[in-house]
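K.L.:
need the 3D shape of this:
(chains A and B)
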Amino acid sequence: MTIDFSCTIGPWAFRRLQVTTVEGTHKALRREGIDRAVVSSLPAVLYKNPHAGNEALCEEIGPASRFFIPFAVLNPSFPGWREDLRRCAKDLGMKGLRLYPNYQRFSLRSRETKALVRAAAELGWVTCVSVRLEDERFHHWAMKAKPTPVAQIAQLALDIPDAAIVLSGGSHPDLQAFFRAVSDAPNAHAELGWVKSPLEAVKTCVEQFGAERLLLGTSFPFDVPWCGTEKITRADIPEEAKRAIMGGNAGRLLGN
Amino acid sequence: MIIDFHAHLWARDDAEEAMAAVAARHGVDRICISAIRSYVPDVEEVRELNARTLRAIRKWPDLYLGFVYVNPKHGDTALRMVDEAAEQGMVGIKLWTSCYASDPSVRPIAEKAIEFGWPILQHAWRKWTGNLPTESDPRHVARLAERYPELKLVMAHIGGDWEYAIKAVRHCPNLCVDTSGSLAHTGMLEMSIAELGADRVIWGTDMPGADLIYTLAKVDRAPLKPRDKQKLLGGNALRLFGGSVSR
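P.N.:
Model prediction:
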């Protein structure tokens, strides 16, 4: 079972993406042999009310997708997140949480953010925290979002050990800082979509952090999906590590 | 033949050995290398770096293709370095961030490249976070290409912000782009080929600062016409070398 942990669906305000639909995403990822994909609404990142994006995404996916695993985008500094979280779980059947502190301008250290992550954990949800969606050098001049501080994501994992935390959009140096900070905390994970360096990037990650807490991420539709899969399947690492990263770890996290 | 047009000796002392091992594992036949370190190096540093490149091409003559790295601000000294590099068997020139590609000091280097029939690999990145003081924007590279239409000029990284960069250089038929670096955006190769033509897009990695598998998959796995893919992965590079590099 191959599971992509870093996919988003929908248009992006700053670049015309080739694929913005549920159907197109399914087709593109299936072509890469991906069996299931954790997805969230991309427009929700920029909506003041991100829950409108959650509703639109779930409406398009439909209630019984065997492929998509919808994660909610919520902003803990926006009123009503508790009710929105309840609706995401009960009405929309969402299965996890994605946070974009750098785009939505909230702090991971705030009481409300921690309350949201705890509430998600009580639902049995995984919480993904985005470091970045795009290379900062590439940002639109009207929307320059600094990366989410990795130290704060690590601290969140340490403060709430019952919550499964996934660092998303982190580069290799970000992963180094993250895993150094969380040490061997079993609830701290990272998806590899943004790991593009050094020379043998995935091999280096496995040697430095172990394979048990690493997850496949394609960063689709920002990036072509085959770079995300190939760098793992062709890496000079044991087959067992490949299976774990490609889906075994994700399946365990998602309770499959 | 698969040719990586953009790799460096830097960041690690064993880059030569490490890149050779990974290239063998993934079927890369030739790698164009230059040694770099400081953004604006002095003469001694450039000499030291080029000596490293020379050692590598002598130790791995069937793998590495040497590009001499120069700081055009060094004037006649830089030109002499290019002459020496020709005698040593190097095949191209690397320009990084010492000055803009459009700086008058680059002109004698460009004229020397034309005389030798060599390509120049010019770094460029349009950074919305701000460029280094003398780091080229794609528009600087376009000006150099416009001034010397017979120059074989390759702009690295598709200029970083590729939508911006492609539009800045598409009117320059003597200017190619390389795909090296961390970006593997959807639509990037498609727009490059649609606007520039498959003859003007060249595969590169930026090893050892970039993952070989990731950067190779960008082109190798892309849904391109087989003929175009062959051009990107080596055919265009061979054409630029004009027979100085054999199949």
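
K.L.:
CA only for contacts and neighbour counts going forward, please
P.N.:
Fine.

K.L.:
show residues contacting the helix or strand residue A:249 falls within.
P.N.:
Here residue A:249 sits within helix A:249-253, counting by DSSP states H and E. Contacts with helix A:249-253, where a contact means C-alpha atoms under 8 Å, 6 or more residues apart in numbering or on different chains, come from A:3, A:5, A:126, A:164, A:212-215, A:244.

K.L.:
alpha carbons only: can I get it in CSV?
P.N.:
Extracted C-alpha coordinates of helix A:249-253, given in CSV (Å, rounded to 0.1, in the frame of the first residue of the first chain):
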residue,chain,number,x,y,z
ASN,A,249,4.4,4.1,8.4
ALA,A,250,1.5,6.1,7.0
GLY,A,251,-0.8,3.1,7.3
ARG,A,252,0.2,2.7,11.0
LEU,A,253,-0.3,6.4,11.7
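
K.L.:
residue numbers of chain B in contact with chain A?
P.N.:
Within chain B, the residues that sit near chain A (C-alpha under 8 Å from any C-alpha of the partner chain) are B:19, B:126-130, B:160-161, B:182-187, B:207-215, B:217-218, B:221.

K.L.:
so which bits of chain A are right by chain B?
P.N.:
Counting by C-alpha under 8 Å from any C-alpha, the residues of chain A near chain B are A:17-18, A:136-141, A:196-201, A:221-224, A:226-228, A:230-231, A:234-235.

K.L.:
now residue A:133. Nearest residue, chain neighbours left out?
P.N.:
In space, and not counting its chain neighbours, residue A:133 is closest to residue A:169: 6.2 Å by C-alpha to C-alpha, 6 or more residues apart in numbering or on different chains.

K.L.:
for the chain, just list every one of the strands.
P.N.:
Went with chain A since none was named. A:3-9, A:36-41, A:68-73, A:96-99, A:126-130, A:164-168, A:188-191, A:214-215 (DSSP state E).

K.L.:
meant chain B actually
P.N.:
Under DSSP E, chain B gives strands at B:3-9, B:30-35, B:64-69, B:92-95, B:119-122, B:152-155, B:175-178, B:201-202.

K.L.:
columns mean neighbour count and mean pLDDT on top of the ones you listed, output as a markdown table?
P.N.:
Listed next are the strands of chain B as a markdown table, based on neighbours: other C-alpha atoms under 10 Å in any protein chain shown; pLDDT from 0 to 100:
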| stretch | mean neighbour count | mean pLDDT |
| --- | --- | --- |
| strand B:3-9 | 26 | 98 |
| strand B:30-35 | 26 | 98 |
| strand B:64-69 | 28 | 98 |
| strand B:92-95 | 24 | 98 |
| strand B:119-122 | 24 | 98 |
| strand B:152-155 | 27 | 98 |
| strand B:175-178 | 27 | 98 |
| strand B:201-202 | 28 | 98 |
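
K.L.:
can I get these in JSON lines with distance to residue B:53?
P.N.:
Formatted as JSON lines, the strands of chain B follow (distance: least, C-alpha to C-alpha, whole Å):
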{"stretch": "strand B:3-9", "distance to residue B:53": "7"}
{"stretch": "strand B:30-35", "distance to residue B:53": "6"}
{"stretch": "strand B:64-69", "distance to residue B:53": "6"}
{"stretch": "strand B:92-95", "distance to residue B:53": "12"}
{"stretch": "strand B:119-122", "distance to residue B:53": "15"}
{"stretch": "strand B:152-155", "distance to residue B:53": "20"}
{"stretch": "strand B:175-178", "distance to residue B:53": "20"}
{"stretch": "strand B:201-202", "distance to residue B:53": "22"}
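
K.L.:
what are the bridge partners for residue B:119, then?
P.N.:
residue B:152 (DSSP bridges).

K.L.:
can I assume it is in contact with residue B:112?
P.N.:
No: between residue B:119 and residue B:112 there is no contact under C-alpha atoms under 8 Å: 10.3 Å.

K.L.:
ok, back up a step: who wins for most neighbours among the contacts of helix A:249-253?
P.N.:
Highest neighbour count within those: residue A:215, with 31 neighbours (other C-alpha atoms under 10 Å in any protein chain shown).

K.L.:
from residue A:242, how far off is it?
P.N.:
Distance, residue A:215 to residue A:242, by C-alpha to C-alpha, to the nearest Å: 10 Å.

K.L.:
would you mind writing the CA trace of stretch B:59-67 as PDB?
P.N.:
This file holds the C-alpha atoms of stretch B:59-67, laid out as PDB (Å, rounded to 0.1, in the frame of the first residue of the first chain):
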ATOM      1  CA  LYS B  59      41.300  10.900 -12.400                       C
ATOM      2  CA  TRP B  60      37.900  10.200 -14.100                       C
ATOM      3  CA  PRO B  61      38.500  11.200 -17.700                       C
ATOM      4  CA  ASP B  62      35.500   9.100 -19.000                       C
ATOM      5  CA  LEU B  63      33.100  10.700 -16.500                       C
ATOM      6  CA  TYR B  64      33.900  14.300 -15.700                       C
ATOM      7  CA  LEU B  65      33.900  17.200 -18.200                       C
ATOM      8  CA  GLY B  66      35.700  20.200 -16.800                       C
ATOM      9  CA  PHE B  67      34.300  23.700 -16.800                       C
END
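
K.L.:
name the residues that touch the helix ranked longest in chain B?
P.N.:
The longest helix of chain B (DSSP state H) is helix B:43-59. The set of residues external to helix B:43-59 that reach it, using C-alpha under 8 Å, 6+ apart, is B:9, B:16, B:33-37, B:63-71, B:74, B:77, B:88, B:90.

K.L.:
strand B:30-35 and that one, what's the angle between them?
P.N.:
Taking axes from the mean of the first three to the mean of the last three C-alpha atoms, to 10 degrees, helix B:43-59 and strand B:30-35 form an angle of 160 degrees between their directions.

K.L.:
average pLDDT for helix B:43-59?
P.N.:
Across helix B:43-59, pLDDT averages out at 98.

K.L.:
give the buried residues for that helix.
P.N.:
B:43, B:46-47, B:49-50, B:52-54, B:56-57 (16 or more other C-alpha atoms under 10 Å in any protein chain shown).

K.L.:
give me the nearest residue to residue B:188, chain neighbours excluded.
P.N.:
Nearest residue to residue B:188, sequence neighbours excluded (C-alpha to C-alpha, 6+ apart): residue B:162, at 6.8 Å.

K.L.:
show the model's pLDDT score for that neighbour.
P.N.:
97.

K.L.:
so it is in contact with residue B:190, correct?
P.N.:
No: Residue B:162 is not in contact with residue B:190 according to C-alpha under 8 Å; the separation is 11.0 Å.

K.L.:
quick one: which of the two has more around it?
P.N.:
residue B:162 (24 against 16).

K.L.:
shaky segments in chain A?
P.N.:
Applying pLDDT under 70 to chain A picks out no residues at all.

K.L.:
and the helices in it?
P.N.:
For chain A, helices defined by DSSP H occupy the ranges A:22-31, A:43-46, A:51-61, A:81-90, A:101-104, A:111-122, A:150-159, A:172-182, A:201-209, A:225-233, A:239-243, A:249-253.

K.L.:
just name the most buried of those.
P.N.:
helix A:225-233 (a mean of 24; mean count of other C-alpha atoms under 10 Å in any protein chain shown).

K.L.:
between strand A:3-9 and that helix, find me the angle.
P.N.:
When the same axes, to 10 degrees is applied, the directions of helix A:225-233 and strand A:3-9 differ by 160 degrees.

K.L.:
just the residues contacting helix A:225-233, thanks.
P.N.:
Residues from elsewhere that reach helix A:225-233 (C-alpha under 8 Å, 6+ apart): A:28-29, A:32, A:192-193, A:201-202, A:216-219, A:242, A:245-246, B:184, B:213-215, B:217-218, B:221.
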